[in-house]
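1. here are the coordinates; sequence isn't available:
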């Protein structure tokens with residue numbers, strides 16, 4: 001019951017954040033975004049045709065009214081029809097969201113698990129060649145562009161110039177009933193997952209190591225080590241568990257960014273029909289209905305992530321109170 005009350009308070013408290021993010025995004029789209037007036041008209045339109053099309057698009061309405069309509073769309077999840085496809089925005093997102101989740105989740109989970117494992121190893125052997133090797137590799141991973149990593153992994157694992165093991169173009173992983181064909185799924189997701197893990201390891205390992213090294217300097221860890229506790233017990237119970245609050249924060253707050261920005265690059269490059277590909281097409285075509293939906297739902301996702309992050313704090317550290 002306390003958790004439910006806390007979640008409700010967090011959702012209500014997140015309303016100003018949602019309003020602020022959506023207001024700024026809507027302001028930028030209205031005054032600096034694409035104007036579809038002349039794209040919908042032929043050459044040399046008359047003044048009346050311009051007035052009519054702007055009225056049809058809603059451009060002639062006051063800004064506050066347009067923003068109010070946008071908030072109504074966000075509440076009802078009805079963002080109208082898309083410009084890039086003859087379908088409702090909500091229908092497009094319903095079709096593409098599972099694709100993005102299936103694409104991103106394996107790399108996201110594996111990237112964080114491997115980063116924590118490497119960070120534990122580096123922190124325990126800090127100053128040694130093991131630590132230096134892991135940190136040097138992390139710097140190399142951070143310094144390479146995600147796009148370059150994707151291209152290299154494609155050439156190595158998916159092209160005739162390399163091993164030619166995995167398909168990457170398209171996304172043929174569903175049967176006629178939209179159920180996943182797991183064999184094909186693992187084939188198609190292999191290269192995007194390896195690329196995501198490679199890039200994530202660089203940033204995450206350095207951050208997790210710094211957190212773990214700081215925790216290892218605490219008095220209770222030194223005392224446990226002096227009393228002869230086994231390294232595995234010391235690392236997992238005395239160090240990792242107490243460091244889970246900052247680690248959880250990084251993992252949870254990267255979820256919205258990974259879902260949108262991470263999938264955008266991978267999907268647009270490989271032509272995978274997920275939210276990222278739809279967002280990329282919407283940016284190119286100036287489809288404000290889809291862009292408004294993506295921005296608004298991302299803001300809501302941040303608030304939900306914030307709520308669950310605070311709940312997880314309580315799970316990992318009982319001393320944290322839900323307020």
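-> Looks like it came in fine. Everything numeric in this text was worked out from a predicted model, so none of it was measured.
2. What pLDDT is listed against residue 2?
-> Looking at residue 2, its pLDDT stands at 64.
3. now residue 190
-> Turning to residue 190, the model gives it a pLDDT of 93.
4. and residue 97, how many neighbours?
-> The number of residues packed near residue 97 is 16, by other CB atoms under 10 Å. For glycine as for every other residue, the C-beta is placed from the backbone atoms N, C-alpha and C.
5. Grab the nearest non-local neighbour of it.
-> Leaving out its chain neighbours, the residue that sits closest to residue 97 by CB to CB, 6 or more residues apart in numbering is residue 275, at 5.7 Å.
6. ok, the most centrally placed residue in the chain - contacts?
-> Nearest to the geometric centre of the chain sits residue 258, at 2.0 Å (CA atoms, centre = their mean). By CB atoms under 8 Å, 6 or more residues apart in numbering, residue 258 lies in contact with 104, 108.
7. backbone phi and psi for the residue nearest to residue 97, please?
-> With angles defined as degrees, to the nearest 10, residue 275 sits at phi -60, psi -40.
8. residues contacting it?
-> 93, 96-97, 99-100, 259-260, 263-264, 267, 294.
9. Repeat the analysis, applying 10 Å as the threshold.
-> 92-93, 95-101, 103-104, 259-260, 263-264, 267, 290, 293-294, 297-298 (CB atoms under 10 Å, 6 or more residues apart in numbering).
10. Against residue 205, how distant is it?
-> 28 Å (CB to CB, to the nearest Å).
11. for the stretch 151-300 of the chain, which spans come out with low pLDDT?
-> 260-262 (pLDDT under 70).
12. ok, now with 90
-> Regions of the stretch 151-300 of the chain meeting the criterion pLDDT under 90 cover residues 159-162, 164, 167-180, 196, 199-203, 214-246, 249-250, 252-271, 273-277, 279-300.
13. just to confirm, which helix or strand has residue 95 in it?
-> Using DSSP states H and E, residue 95 falls within helix 89-124.
14. returning to that earlier point: of the contacts of residue 275, which qualify as buried by neighbour count?
-> Neighbour-count burial (16 or more other CB atoms under 10 Å) applied to the contacts of residue 275 gives 92-93, 96-97, 99-100, 103-104, 259-260, 263-264, 267, 290, 293-294, 297-298.
15. Name the nearest residue to residue 141, ignoring sequence neighbours.
-> Using CB to CB, 6+ apart, the closest residue to residue 141 is residue 202 (2.8 Å).
16. tilt between the helix or strand hosting the one you found and helix 89-124?
-> Assessed by DSSP H and E, residue 202 sits inside helix 182-216. Relative orientation of helix 182-216 versus helix 89-124 (axes from the mean of the first three to the mean of the last three CA atoms, to 10 degrees): 50 degrees.
17. in the very next helix or strand once past helix 182-216, what's buried?
-> As assigned by DSSP H and E, the chain's next helix or strand after helix 182-216 is helix 219-226. Residues of helix 219-226 classed as buried: 221, 224 (neighbour count, 16+ other CB under 10 Å).
18. what's in contact with helix 219-226?
-> With CB under 10 Å, 6+ apart as the criterion, helix 219-226 contacts 215-216, 218, 229-231, 233-235, 237-239, 242.
19. Of the residues you listed - the most surrounded one?
-> residue 239 (23 neighbours).
20. is it true that that residue touches residue 209?
-> No. Using CB atoms under 10 Å, residue 239 is not in contact with residue 209, being 11.3 Å away.
21. in the chain, which spans are strands?
-> With DSSP state E applied, the chain shows no strands anywhere along its length.
22. circling back: how far away is the residue nearest to the centre of the chain from residue 16?
-> 25 Å.
23. Residue 187 too?
-> Using CB to CB, we find residue 187 at a distance of 45 Å from residue 16.
24. quick one: which of those two has more around it?
-> Legend: neighbour count by other CB under 10 Å for residue 187 and residue 16, higher for residue 187 (16 against 10).
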